[in-house]
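*Asks:* Sequence and computational prediction follow.
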Amino acid sequence: MMPIRYRKRIAFRKEGKIRFIGHLDMLRTFQRALSRAGVELVFSQGFNPHPQMSFAQPLSLGVCGKREYMELQLAEPWENTALLQRVNAQLPEGLLLTECRDMPEGVKSAMSLSTHALYHIELPSCHKDEYPLLLENFLSSEKIPIRKLAKHHGRKQEVEVDLKPMIRSLSLSEPCTLQLWCACSGTENLKPDRMMRVFWEKSGHPEDAGTERIDRVDLYREEEGHMCSLMDLLPEK
């Protein structure tokens, strides 16, 4: 008999030193915390069962997440507030569950719904007066190419990818802070750290690559020209 599945979408923060752990290590951290909290997950069927737990879009290493998404299938019913409190008590510093909502039957996963992300990128203050012109020159480029490994003709090889079509908007929200709206889906996913390497190279400051702080604010689905946060696609109750 198949177990009853109680589906939850959970928002969480990933900040501080723990932003430097990779996606698989974070997955194991959550699994251990859930186990210690007494939260039983449903497991997949077959020869290699694994817990029914998924994430919207993995973060790049070193990027903070202000509102990330995890989805669980629970073997037993849990009240949302109690679930957050029990699991948070078992999580290390830097990981914090902030919101939990029930997922009605038939609701698509956060991973399949995500189309865009909002990032804030804090730049070093030493070039404060240059940023308006540097940004204008960067966006005036016909292409923003990078080289990356990708599957091509059935095997992995280095290919050139143009990031510019993935940028919905890029502007200075403060003198040293960029606000980036970009594609973030299964088919198109702009990684801001890669974009910033090109930015610093075009700006004549390649030595500053990696000095920026990148925060992913939230993930969204674009519907009829409007952006809706993935959590807000679910009813509150």
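*Replies:* Received it, and whenever you're ready, just let me know what you need. Residues are numbered from 1 along each chain as shown.
*Asks:* any idea where the strands of this protein begin and end?
*Replies:* 6-14, 53-55, 64-74, 95-102, 116-122, 145-152, 155-162, 167-174, 177-183, 213-223, 226-229 (DSSP state E).
*Asks:* lowest-confidence stretch among those?
*Replies:* Mean pLDDT values for the strands of the chain show the minimum at strand 145-152, a mean of 77.
*Asks:* Just put the strands of the chain in CSV and tack on distance to L84 and mean neighbour count.
*Replies:* (Glycine included, C-beta is placed from N, CA and C.) Shown next, in CSV, are the strands of the chain (distance: least, CB to CB, whole Å; neighbours: other CB atoms under 10 Å):
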stretch, distance to L84, mean neighbour count
strand 6-14, 8, 20
strand 53-55, 16, 16
strand 64-74, 12, 21
strand 95-102, 5, 18
strand 116-122, 23, 20
strand 145-152, 37, 11
strand 155-162, 38, 10
strand 167-174, 30, 14
strand 177-183, 29, 19
strand 213-223, 18, 18
strand 226-229, 18, 14
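*Asks:* what's the closest of these to L24?
*Replies:* Taking CB to CB, strand 53-55 is the member of those nearest to L24, at 10.9 Å.
*Asks:* Show the contacting residues for the closest residue to A110 other than its chain neighbours.
*Replies:* Spatially, and ignoring its direct neighbours in sequence, A110 is nearest to A56 (3.8 Å; CB to CB, 6 or more residues apart in numbering). Going by CB atoms under 8 Å, 6 or more residues apart in numbering, A56 touches 68-71, 110-111, 113-114, 219, 230.
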